[in-house]
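Colleague: Please find the sequence and the predicted model below.
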Amino acid sequence: AQKVTQAQTEISVVEKEDVTLDCVYETRDTTYYLFWYKQPPSGELVFLIRRNSFDEQNEISGRYSWNFQKSTSSFNFTITASQVVDSAVYFCALSDSWGKLQFGAGTQVVVTP
Amino acid sequence: EPEVTQTPSHQVTQMGQEVILRCVPISNHLYFYWYRQILGQKVEFLVSFYNNEISEKSEIFDDQFSVERPDGSNFTLKIRSTKLEDSAMYFCASSETSGSDTQYFGPGTRLTVL
């Protein structure tokens, strides 16, 4: 069975600080896909990033970056120079080839001015 | 930019009543999904749908639930006899080419069962 653990329930930072969100996953599949979604106070789910299990290259996209390490089954996400608009719940999710997304419990990020 | 739409945004119903939640997936997408999120909890998978049939369903998706693609654009979730515990936000999602592709979510329908 697949499982996603987000141990941090809430992170509070002051604007311009960096925020790193932890995600640990469990799966028996050799091919799988990892995602980060953002849920702002308005409630919608916004896709942020996607990574395949066979591609461990870490990248930066604007203020977002991620660190995917298969050896530790972790897929951490960093927001650089946080802004108030980054305040939201962030979900890590895992899917197999069939598309069923398994979400973590989410991490509430609070950015204060 | 194409997006998934859902109607209504909020539905209030009495326990035991039937509700139909509607979704219009992104037009060239072939895979469709329903998820739900009970207030303050994580998002849970309900069902996936491809080629006019269910691909996979969760334990939550019991006989009270059904899905349908009645025409070329709509994708619906029906709850036959609502219970109090069905109160949640229901999200529709779609992906383009395969189950492993990125799923794009609609804004959700908040269902309140009284």
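Modeller: All right, it came through fine.

Colleague: could you pull out the strands for chain B?
Modeller: For chain B, applying DSSP state E gives strands covering B:5-7, B:10-13, B:19-24, B:31-37, B:44-50, B:53-57, B:65-68, B:75-79, B:88-95, B:104-105, B:109-113.

Colleague: tell me which helix or strand of the chain sits lowest on mean pLDDT?
Modeller: Just going to use chain A. strand A:60-61 (a mean of 78; mean pLDDT, DSSP states H and E).

Colleague: think we crossed wires, I meant chain B
Modeller: When each helix and strand of chain B is scored by mean pLDDT, DSSP H and E, strand B:53-57 comes last, with a mean of 93.

Colleague: Parallel or antiparallel, which strands does it pair with?
Modeller: Paired strands of strand B:53-57, with direction, are strand B:44-50 (antiparallel) (DSSP bridges).

Colleague: how far away is residue A:108 from residue A:38?
Modeller: Note on residue A:108: its distance to residue A:38, by Cβ to Cβ, to the nearest Å, is 11 Å. C-betas here are computed from N, CA, C, even on glycine.

Colleague: and for the two, which residues touch both?
Modeller: Counting by Cβ atoms under 8 Å, 6 or more residues apart in numbering or on different chains, the common neighbours of residue A:108 and residue A:38 are A:88, A:89.

Colleague: In the sheet, which residues pair with the spatially most central residue of chain B? Tell me.
Modeller: Note on chain B: the residue nearest the mean C-alpha position is residue B:34, at 3.2 Å, using Cα atoms, centre = their mean. Note on residue B:34: beta-bridge partners by DSSP bridges are residue B:47, residue B:92.
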